[in-house]
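A.B. asks: Give me a 3D structure for the following:
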Amino acid sequence: MLLYIHGFNSSPRSDKAIQTAHYIQQHYPQVDFHQPQLPSSPIAAITLLCNITEQAKRQGQTLRFIGSSLGGYFASYLAETYGGRAVLINPAVKPFELFEQFIGPQYNPYTDEHYQVLPQHQYDVAQYNTHVIRHPDRFLVLLQTGDEVLDYRQALHKYHSCELHLEPNGDHSFVGYEQQLDKICKFIQL
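C.D. replies: Predicted structure coming up:
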């Protein structure tokens, strides 16, 4: 099973998500690939991700995760909790510390959804923090120093024992992501 987890205010229709789905379909059509649209509520989102992961684990499938931004934060939790390998793209390290700037009305341009980020969501997200990465061999972390949304140095610090791929410049979307897909698939052992 491969679970692609998009970031905040994103969707399976983002560029990275589309590139990933196309690559997997073209090169690994036998893989049980999941790319859900996450609910805007953090608890509903993590519940959905845990349900998909638990079902795959019950079926004896190998667990694999790709997570971008907030999706990387969730992928860290899933890989540390359930096992498997994870690739994190410009991952959020402590997204709960950033929530205050998002409290209030939000709009997801991919889904055309208007919703509210509530103060409670900050605490909901914090529950899934992996304070320490106990299994660094399970992680490949892709970072670009030009990330305008998140401080890449936080991820360097948290994932220092993991396999790291750091590129200068770029941005939060990870410029040239499609060129990393072969490396990603090798790391997650497809």
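A.B. asks: hey, let's count contacts and neighbours off CA atoms from now on
C.D. replies: Noted.
A.B. asks: Now do the helices in this protein.
C.D. replies: Ranges of helices in the chain, per DSSP state H, are 15-27, 42-58, 70-82, 119-126, 152-158, 181-187.
A.B. asks: So for the residue nearest to the spatial centre of the chain, what's the pLDDT?
C.D. replies: By C-alpha atoms, centre = their mean, the chain has its centre lying nearest to residue 67, at 1.8 Å. Looking at residue 67, its pLDDT is 98.
A.B. asks: Could you work out the end-to-end span of stretch 30-39 for me?
C.D. replies: Criterion C-alpha to C-alpha, to the nearest Å; first-to-last residue distance in stretch 30-39 is 27 Å.
A.B. asks: next one: stretch 114-129
C.D. replies: Stretch 114-129 has an end-to-end distance of 26 Å (C-alpha to C-alpha).
A.B. asks: what do you get for stretch 107-121?
C.D. replies: End-to-end distance of stretch 107-121 (C-alpha to C-alpha): 16 Å.
A.B. asks: where in the chain is pLDDT low?
C.D. replies: By pLDDT under 70, the chain has no low-scoring segment.
A.B. asks: same thing but at 90, please
C.D. replies: Along the chain, the parts satisfying pLDDT under 90 run over 99-101.
A.B. asks: circling back to that earlier point, columns mean neighbour count and distance to residue 6 on top of the helices of the chain, output as TSV?
C.D. replies: Converted to TSV, these look like this (neighbours: other C-alpha atoms under 10 Å; distance: least, C-alpha to C-alpha, whole Å):
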stretch	mean neighbour count	distance to residue 6
helix 15-27	16	7
helix 42-58	16	11
helix 70-82	23	5
helix 119-126	16	15
helix 152-158	16	17
helix 181-187	15	16
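A.B. asks: now for the ones you listed, which one comes closest to residue 110?
C.D. replies: Closest to residue 110 of those is helix 15-27 (C-alpha to C-alpha; 11.0 Å).
A.B. asks: Give me the contacts around the closest one.
C.D. replies: Applying C-alpha atoms under 8 Å, 6 or more residues apart in numbering, the external contacts of helix 15-27 come out as 4, 6, 11-12, 31, 33, 35, 173, 177-178, 181.
A.B. asks: ok, back up a step: the helices of the chain into CSV, with extra columns for distance to residue 142?
C.D. replies: Shown next, in CSV, are the helices of the chain (distance: least, C-alpha to C-alpha, whole Å):
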stretch, distance to residue 142
helix 15-27, 13
helix 42-58, 21
helix 70-82, 10
helix 119-126, 22
helix 152-158, 9
helix 181-187, 9
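A.B. asks: Just the closest of the contacts of helix 15-27 to residue 124, please.
C.D. replies: Lowest distance from residue 124 to the contacts of helix 15-27 (C-alpha to C-alpha) belongs to residue 6, with 17.8 Å.
A.B. asks: Tell me the spacing between the closest one and residue 90.
C.D. replies: As for residue 6, its distance to residue 90 is 11 Å (criterion: C-alpha to C-alpha).
A.B. asks: Need the residues touching each of those two.
C.D. replies: With C-alpha under 8 Å, 6+ apart, residue 6 and residue 90 have common neighbours 68-69.
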